[in-house]
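Asks: Generate coordinates for the sequence data below:
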Amino acid sequence: MAIPDFMATTSPTPDPSTVPRELRLWPGILGAAGVITFKLGLPLFRPDSHGAAILGGFAFGILIILWWLFFSRAPWRERLGGLALIATAVYASYHLVHESIATGMMGWMLVVHGLPIFCLGWVAWAVLFRHWTGLRRAASMIILPGLVAGVMALIRTDGIDGDGGSELKWRWSPTHEERLLGGPPRVSVPEREGKAAHPPTPPTSESTNAIPAADPTPRPVLWSGFRGPKRDGVVRGTRLETNWNQFPPVQLWRRPVGPAWSSFAVAGDDFFTQEQRGEEEWVTCCSIRTGQERWHHADHARFWESNAGAGPRATPTLANGRLYALGGTGILNALNATNGTVLWTRNVAAETQTKTPLWGFSGSPLVTGDLVVVAASGVLAAYDATSGASRWTSTNQGGSYSSPHFAELHGIPQVLFQTGKGVFSAVPSSGEILWEHSWAGATIIQPALLPDGDLLIATGSASGGVGLRRLAVAHSTDGWVVREEWTSKGLKPYFNDFAVHKSHVYGFDGSILACIQLEDGERQWKDGRYGHGQLLLLPDQDLMLVVAEQGHVALVAAKPDGFEELARHPAISGKTWNHPALAGNVLLVRNSEEMAAYELRPKQP
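Replies: This is a model prediction of the structure:
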């Protein structure tokens with residue numbers, strides 16, 4: 001007799017097509033492990049590997065998305081719905097996160113850093129809630145991306161380092177600038193065991209005085225501005241003791257400073273720099289012996305961008321008792337170097353009809369003859385150094401963060417300028433173009449004039465330096481001829497200037513020092529990890545003074561037969577991109593948070 005269906009003791013066999021399959025989780029877990037390894041683990045063991053950490057974390061985030069879409073076995077409505085939720089959460093986060101996150105890395109920071117985090121959270125959801133069904137599962141899918149977005153809204157970045165690593169802070173924590181505005185700067189002057197600080201010993205240098213001084217008794221210029229008197233980072237006539245174990249650098253003072261990426265100019269016992277103080281842009285004069293402020297000039301202006309923060313980018317220039325300073329928004333001031341009195345001021349951005357570039361106006365003023373020449377992104381503008389009257393303006397050459405550079409080629413004075421299109425030369429008195437050479441890219445650093453009249457130029461891209469190129473510049477009755485002699489990837493400076501010594505070139509290839517031959521651009525060595533720092537060359541003793549991105553100072557041999565670090569000493573703390581200055585035997589270093597002076601022992605004959 002047949003048994004009725006309702007009395008059957010076994011369940012009917014389910015239709016296989018209606019039974020949800022178990023998620024294939026192991027590829028997603030491996031992807032999550034990759035994100036954690038690169039984003040969190042790699043920087044712990046290799047602090048200079050932020051670039052690889054960013055790329056690796058982003059790549060594994062993409063792999064997680066591919067796993068979820070094609071290999072997870074999730075129902076297609078969940079696969080597509082999950083992808084839509086992640087995309088929606090990332091888009092919505094742009095309206096929730098701090099401005100520094102939303103605009104960082106040219107607007108890509110949230111995607112580059114946020115996508116791996118969202119994907120990591122998605123894998124966690126897939127593992128933890130894989131047995132949930134119905135409304136609970138759908139609700140958890142929606143809530144989790146929102147939680148991740150909420151956490152990201154709690155942080156900000158105080159900028160990135162040279163490898164792209166972010167300086168993450170809680171959103172509500174005060175910035176260094178806000179703490180500085182809360183009270184007077186604290187100048188730390190260490191005990192010297194009764195030994196008085198010596199005034200800086202002036203090196204031998206060439207005088208560039210050509211116009212009447214605003215100060216009737218101008219003091220000796222020990223460091224005229226950006227990278228020294230010839231803008232080549234070379235300190236002539238100075239020799240230093242290299243045994244820092246026995247004769248370490250002596251700190252004269254150390255004090256907070258407002259954010260900026262300016263370097264220094266030095267005259268007599270005074271030094272000059274630029275900084276941001278809230279809504280005011282300052283040009284500051286301080287004592288080189290004590291660090292105490294003597295005077296400051298303030299303009300109501302503020303430049304800020306996420307990668308490098310607030311403040312001016314250029315360095316003031318000293319000439320004939322005057323101090324010329326270009327601010328981050330394009331305000332050019334000529335000041336009395338003794339007391340800060342305004343002699344004249346111009347708005348270069350408005351007068352050249354140039355929009356403030358992404359990273360601000362960065363070119364340091366160049367004084368040549370009776371002119372001061374400034375760079376407004378890819379435009380050169382010349383003003384009368386005494387009156388401030390406009391003399392000439394070049395055409396726009398495609399953007400630049402480099403500074404105008406004086407050179408004399410074949411006995412003819414000229415102003416060189418590297419731009420997004422390449423490099424061109426202009427007659428100082430009129431701005432007439434003498435010659436130009438095309439090499440498109442991002443230009444930040446200075447060209448170098450070689451003893452035989454050739455030039456070295458560099459260019460870069462959004463991801464870093466591209467290389468160096470040697471140009472032969474010839475002149476005849478038929479005009480100028482510029483010929484490429486070689487292009488080398490053995491040394492790829494980005495925003496770290498290089499130096500030429502004897503028959504070799506020394507500089508930063510990414511975050512590592514390198515040396516190439518001047519003859520053919522072949523690399524001789526690459527060693528020494530100093531981050532994206534800066535350097536000075538002391539040719540009298542085949543020596544480089546390197547300021548690391550982390551703030552310490554090192555002496556490195558400028559020799560082609562191999563890398564050799566001779567000494568190292570802590571100087572300041574934090575990301576240090578600013579160029580140092582050496583006024584005699586006093587080293588000035590700074591970054592966006594603090595500055596300090598160190599007395600270096602001269603080398604005995």
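Asks: packing partners for the lowest-mean-pLDDT helix or strand in the chain?
Replies: Of all helical and strand segments in the chain, the minimum by mean pLDDT, DSSP states H and E falls on helix 42-45, at a mean of 78. For helix 42-45, the packing partners by 3 or more Cβ pairs under 8 Å, 6 or more residues apart in numbering; DSSP states H and E come out as helix 50-66. Heads up, the C-betas are built off the backbone N, CA and C, glycines and all.
Asks: Need the contact partners of the helix or strand that the helix it packs on is followed by.
Replies: Sequence order places helix 76-93 as the next helix or strand after helix 50-66, per DSSP states H and E. Surrounding helix 76-93, the residues in contact under the criterion Cβ atoms under 8 Å, 6 or more residues apart in numbering are 65, 68-69, 72, 74, 110-111, 114-115, 118-119, 122, 141-142, 145-146, 148-149, 152-153.
Asks: continuing past helix 76-93, what's the next helix or strand?
Replies: Remark: after helix 76-93, the chain's next helix or strand is helix 99-103, criterion DSSP H and E.
Asks: just the CA coordinates of that following helix, formatted as CSV?
Replies: Once side chains and other backbone atoms are set aside, the C-alpha atoms of helix 99-103 remain, and they are given as CSV (Å, rounded to 0.1, in the frame of the first residue of the first chain):
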residue,chain,number,x,y,z
GLU,A,99,39.7,67.9,3.0
SER,A,100,43.2,66.6,3.2
ILE,A,101,42.1,63.1,2.4
ALA,A,102,39.6,64.1,-0.3
THR,A,103,42.2,66.2,-2.2
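Asks: And that helix, what's buried?
Replies: Residues 100, 101, 103 are the ones in helix 99-103 that count as buried (16 or more other Cβ atoms under 10 Å).
Asks: Please tabulate those residues in JSON lines, including the columns pLDDT and distance to residue 596.
Replies: Output for these, formatted as JSON lines (pLDDT from 0 to 100; distance: Cβ to Cβ, whole Å):
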{"residue": "100", "pLDDT": "92", "distance to residue 596": "27"}
{"residue": "101", "pLDDT": "91", "distance to residue 596": "31"}
{"residue": "103", "pLDDT": "91", "distance to residue 596": "31"}
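Asks: Turn those residues into CSV, columns for distance to residue 305.
Replies: As requested, those are arranged in CSV below (distance: Cβ to Cβ, whole Å):
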residue, distance to residue 305
100, 9
101, 13
103, 7
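Asks: pLDDT on stretch 524-540, on average?
Replies: In this model, stretch 524-540 has a mean pLDDT of 96.
Asks: chain center to it: distance?
Replies: When distances are taken as Cα atoms, centre = their mean, to the nearest Å, stretch 524-540 is centred 16 Å away from the chain's centroid.
Asks: Report the backbone C-alpha coordinates of it in CSV.
Replies: Below are the C-alpha coordinates for stretch 524-540, written out as CSV (Å, rounded to 0.1, in the frame of the first residue of the first chain):
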residue,chain,number,x,y,z
GLN,A,524,79.0,54.5,-10.9
TRP,A,525,77.2,53.6,-7.7
LYS,A,526,73.9,53.8,-5.9
ASP,A,527,73.8,53.4,-2.1
GLY,A,528,72.8,55.2,1.1
ARG,A,529,69.2,55.5,2.0
TYR,A,530,68.3,59.0,3.2
GLY,A,531,64.8,59.3,2.0
HIS,A,532,64.0,62.2,-0.3
GLY,A,533,66.4,64.6,1.3
GLN,A,534,68.7,67.4,0.1
LEU,A,535,72.4,67.9,-0.2
LEU,A,536,75.2,70.4,-0.4
LEU,A,537,78.6,69.9,-2.0
LEU,A,538,81.9,71.0,-0.4
PRO,A,539,84.3,70.6,-3.3
ASP,A,540,87.4,71.6,-1.4
